[in-house]
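Undergrad: Mind looking at a prediction? Sequence and model below.
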Amino acid sequence: MRELGQTDYSQYYNRVIDGVSGMMEWSVLIDRLVVKETSFFRHRPSIDYVHSCLKRMIVENTLSESFEVWSVGCSSGEEPYSLSMIVSDTFESAGLDPYYGVTATDISRAALTIARNGIFPQRKVEMMEPAIRQRYFTQQDNGRYLISPELQDRVCFNHANVLNINEMPSMVQDIIFCQNLLIYFRRWLRHEIMNAFVERLKPGGVLVVGLGEVVDWSHPEMSRAPADEVQAYIKKSVDA
Ligand SMILES: C[S@@+](CC[C@H](N)C(=O)[O-])C[C@H]1O[C@@H](n2cnc3c(N)ncnc32)[C@H](O)[C@@H]1O
């Protein structure tokens, strides 16, 4: 409201609900309210856990035709791109070239624009291992780094509010990765979202959340993964 020089809440409310310009203001408001902090490989144990799950699926030959990952609350893209790097490396090391895709969703349109552009500041990229940096980024004249087209093609960014999860397309996933988002919701809402995630997982699929972000949650179709540094759940196979 200060940015617009407005002091009256009802006037601001009327502005936000007024047609196309209201929709634009609504988008700005959402963007100002959410916390978008993120980084590449932010919680390494969780990313490593995804790597170990994928390796297990390859060894046990339980992969379906396409391998689908969903990064929920993806912010400016560092999380889904990190997941994509791990999946790509794992398939390559196994000598496989199956179809895989990462769906990345967020409520902030501004964050999604940065994510789609795939250009990141030097300080964020230079924290990564040099081998990864060299493989997946190109440094531009201004020092910033552009993500490789190979990864950009794999990640599909979409605007979505996780609170309207039941309105989203119900594509089933092998991995659902949701970190540093559920903490912003009340406990009962976190549980509802977790239940909705279960419906969007393939049998044997894995749900990874931020450590300690969900407590007192269990589901008859899910078993907690025995990993200390990671909070993950595996969907039981149909015949289990
Ligand atoms: C703190 S960031 C976490 C980013 C990334 N997951 C990570 O762990 O680095 C939280 C993200 O959740 C998004 N977010 C907040 N509320 C949301 C909602 N209701 N639906 C979808 N995304 C939301 C924010 O826009 C922000 O990008």
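TA: That came in fine, so what should we check first?
Undergrad: Pull up the residues of this structure that are close to the ligand.
TA: Neighbours of the ligand within the chain, by CB under 6 Å from any ligand atom: 34-38, 42, 73, 75, 79, 106-108, 111, 161-163, 179-181, 184. Using the backbone N, CA and C atoms, a C-beta is placed for each residue, glycine as well.
Undergrad: Show the buried residues in those residues.
TA: 34, 38, 42, 73, 75, 79, 106-108, 111, 162, 179-181 (16 or more other CB atoms under 10 Å).
Undergrad: so what pLDDT did the residue most central in space within the chain get?
TA: Geometric centre of the chain, nearest residue: S71, 1.9 Å, by CA atoms, centre = their mean. pLDDT, S71: 98.
Undergrad: which residues does it bridge with?
TA: Under the criterion DSSP bridges, S71 forms beta bridges with A104, F177.
Undergrad: Quick check: which element contains E213?
TA: Assignment of secondary structure by DSSP states H and E places E213 within no helix or strand.
Undergrad: Give me the buried positions along the helix or strand bottoming out on mean pLDDT in the chain.
TA: In the chain, no helix or strand scores lower on mean pLDDT, DSSP states H and E than helix 19-33, which sits at a mean of 91. For helix 19-33, a neighbour-count test (16+ other CB under 10 Å) marks 25, 27, 30 as buried.
Undergrad: returning to what we had before: was I right to think the residue nearest to the centre of the chain contacts E79?
TA: Yes - between S71 and E79 a contact is recorded at 5.0 Å, counting by CB atoms under 8 Å.
Undergrad: okay, and the common contacts of the two?
TA: Here S71 and E79 share the contacting residues 104, 177, scored by CB atoms under 8 Å, 6 or more residues apart in numbering.
Undergrad: In the protein, what residue spans correspond to strands?
TA: 66-72, 99-106, 119-120, 137-139, 145-147, 155-159, 173-178, 201-209, 222-224, 231-235 (DSSP state E).
Undergrad: how far is the last one from where the chain is centred?
TA: This points to strand 231-235. Centroid displacement of strand 231-235 relative to its chain, using CA atoms, centre = their mean, to the nearest Å, is 16 Å.
Undergrad: Give me the sheet partners of that strand and which way each runs.
TA: In the sheet, strand 231-235 lines up with strand 201-209 (antiparallel), strand 222-224 (antiparallel) (DSSP bridges).
Undergrad: Tabulate these (JSON lines), appending mean pLDDT and mean neighbour count.
TA: What follows is those, written out as JSON lines (pLDDT from 0 to 100; neighbours: other CB atoms under 10 Å):
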{"stretch": "strand 201-209", "mean pLDDT": "97", "mean neighbour count": "22"}
{"stretch": "strand 222-224", "mean pLDDT": "97", "mean neighbour count": "16"}
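Undergrad: Reformat the ones you listed as a markdown table; add distance to Q6.
TA: A markdown table is the format used below for the strands paired with strand 231-235 (distance: least, CB to CB, whole Å):
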| stretch | distance to Q6 |
| --- | --- |
| strand 201-209 | 38 |
| strand 222-224 | 47 |
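Undergrad: Which one, of the ones you listed, ends up nearest to T90?
TA: Shortest distance between T90 and the strands paired with strand 231-235, using CB to CB, is found for strand 201-209: 13.7 Å.
Undergrad: what comes into contact with that closest one?
TA: Under CB under 8 Å, 6+ apart, the answer for strand 201-209 is 46, 49-50, 53, 57, 62, 64, 68, 172-179, 182, 194, 197-198, 222, 225, 230-238.
Undergrad: before we move on, back to that, quick one: which of the strands paired with strand 231-235 is nearest Y99?
TA: It's strand 201-209; of these, that one is closest to Y99 (CB to CB) at 14.3 Å.
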